[in-house]
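**Student:** here's a sequence, model it:
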Amino acid sequence: MTIKENLQKIKQELPANVTLVAVSKTKTIDEIMEAYDTGQSDFGENYVQELRNKQSLAPKDIKWHFIGTLQTKQIKYIAPFVHMIHSVTSIRHIEEIDKRAKQNNRIIPVLIELHIANEITKSGVDDSELFELLEYYNNNNFTNIEIQGLMGMATFTDDKEQIRQEFKHLKKTFDLLKEKYFNDNVNFKHLSMGMSSDYMIAIEEGSTIVRIGTLIFGERKYNK
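**Tutor:** This next block holds a predicted model:
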C-alpha cells in the first residue's frame, strides 16, 4: 500500500477528537510530501538536527511536533517554529523553552513526559518528579510556555493488558492533574499516547494524540 492509502485507512479509524502525528524520522522530504499532499499536517521528529533540516525544506504550514529526548542546549534551534514539544522532563526544560519562546515572541505548547513503561530505557519523569515540576511551573510566572497535557510510551510487549494498564495509569494521572492544577485551563486537554503497535488501545483509554510512523511510511531505514 502507498503512504496515501495507509494514511486514509488510519484516519478512517480515528475519532474526530484525536490528532494524528505522522512520525517522519528517517523519512525523506519526498515521503513527507506524499503524506502532506494527502492532507496530513502534523508530523513528529525525534532529532533536532533532522527536524531543522526538514523544516527548512518543507511547506511552512506543517505543524512540527518534537517527540524525542529533549536536550536543553538544542531547544533554541526549534523554538522559532515547533508546534508542540511532547517530551519535557525537567525544570531546566521549562525554563529554557520559556526563555527561547519569549525571544521568538511566541507561546510554545508542551507536554510532560511521564514514565509509564516497565522498561528503564524509556524516558520520562516518575510520579513524584511530575508533581515537583508542576509545583514549580505553577509557582513561577512563565508566560511563553504552556503545559497542555501529558505524553507516555507503553512497554514494548505483546501483552495487551499490560499496555492497557499503563495507558490507564497515564489517563488517571492526567485527570488528577486536571483537577488539581488545571481545572480552569481549557488548553490542558492533551494525552499523547499510542503508536503504530498500540494506538487503538490508547484511543480506547483516552488518547487525544497518536504518534504513528511505521503504519504510514513502512519500516524505518537506518543508515549503516
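**Student:** what's the pLDDT at the most centrally placed residue in the chain?
**Tutor:** What sits nearest the mean C-alpha location of the chain, by C-alpha atoms, centre = their mean, is H86, with 3.6 Å. The predicted structure scores H86 at 98 on the pLDDT scale.
**Student:** touching, it and E113? I think so.
**Tutor:** Yes - judged on C-beta atoms under 8 Å, H86 makes contact with E113 at a distance of 6.6 Å. From N, CA and C alone the C-beta is placed, and that goes for glycine too.
**Student:** anything in contact with each of the two?
**Tutor:** Between them, H86 and E113 share the neighbouring residues M151, with contact defined by C-beta atoms under 8 Å, 6 or more residues apart in numbering.
**Student:** show residues contacting the biggest helix by length in the chain.
**Tutor:** Of all the elements of type helix in the chain, the one with the most residues (DSSP state H) is helix 160-180. Applying C-beta under 8 Å, 6+ apart, the external contacts of helix 160-180 come out as 114, 116-118, 127, 130, 134, 149-150, 152, 154-155, 157, 188, 191, 193-194, 198, 201-202, 204-207.
**Student:** selecting buried members of those residues in ChimeraX, what would you type?
**Tutor:** Filtering those down to the buried ones (16 or more other C-beta atoms under 10 Å) takes a single ChimeraX command:
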select :114,116,117,130,134,149,150,152,154,188,191,193,194,198,201,202,205,206,207
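**Student:** next step: the contacts of helix 160-180 restricted to helices.
**Tutor:** For the contacts of helix 160-180, the ones inside helices are D127, L130, L134, I201, A202, E204, with DSSP H as the criterion.
**Student:** just send these back as TSV, with distance to Q162 and pLDDT too.
**Tutor:** Written out in TSV, the entries for those read as follows (distance: C-beta to C-beta, whole Å; pLDDT from 0 to 100):
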residue	distance to Q162	pLDDT
D127	18	92
L130	21	97
L134	27	96
I201	10	98
A202	13	98
E204	15	97
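**Student:** got JSON lines for those, with distance to P109 too?
**Tutor:** Rendered in JSON lines, the data for the ones in helices among the contacts of helix 160-180 read as follows (distance: C-beta to C-beta, whole Å):
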{"residue": "D127", "distance to P109": "23"}
{"residue": "L130", "distance to P109": "18"}
{"residue": "L134", "distance to P109": "16"}
{"residue": "I201", "distance to P109": "25"}
{"residue": "A202", "distance to P109": "20"}
{"residue": "E204", "distance to P109": "25"}
